[in-house]
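A.B. asks: fold the following, please.
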Amino acid sequence: MSATAEVSDASFKNDVLESELPVLVDFWAPWCGPCRMVGPVVEEIAQQYEGQVKVVKLNTDDNPEVASKYGIRSIPTLMIFKDGQRVDMVVGAVPKTTLANTLEKYL
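C.D. replies: The predicted structure follows:
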């Protein structure tokens, strides 16, 4: 069972911007090699921080509106949203410790 949920252009506002918890959004696409590398790391983060952070994935090919709004030019891009605002981001396939340390600042 995946600990991450898929979000779309249509559900982004409700699932991310209006979330009570901080949200980690993984902007990815199926053809992207580094996205596939970072995928398991994102899953581990979702399980490790369950109940503290909401972790979602957004396919940039299927949902160009949100990707464009946040200026996603390279993927994977991992953005952290808190109280409806983008507070941080990490671009590229990063180690779990980097992602965890970035998230810890917002818990």
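A.B. asks: so Asp9 sits in a helix?
C.D. replies: No. Counting by DSSP: H, G, I helix; E, B strand; the rest coil, Asp9 is located in no helix; its state is coil.
A.B. asks: and the gap between Lys69 and Asp62?
C.D. replies: The gap separating Lys69 from Asp62 is 15 Å, by C-beta to C-beta, to the nearest Å. C-beta here means a position set from N, CA and C on the backbone, and glycine is covered the same way.
A.B. asks: now do Met37
C.D. replies: Separation of Met37 from Asp62 (C-beta to C-beta) stands at 20 Å.
A.B. asks: same check on Leu78?
C.D. replies: Taking C-beta to C-beta as the measure, Leu78 and Asp62 are separated by 18 Å.
A.B. asks: and the longest helix anywhere in the chain, what's buried?
C.D. replies: For the chain, the longest helix by residue count, based on DSSP state H, is helix 33-48. Residues of helix 33-48 classed as buried: 35, 38-39, 41-43, 45-46 (neighbour count, 16 or more other C-beta atoms under 10 Å).
A.B. asks: many thanks, we can stop here.
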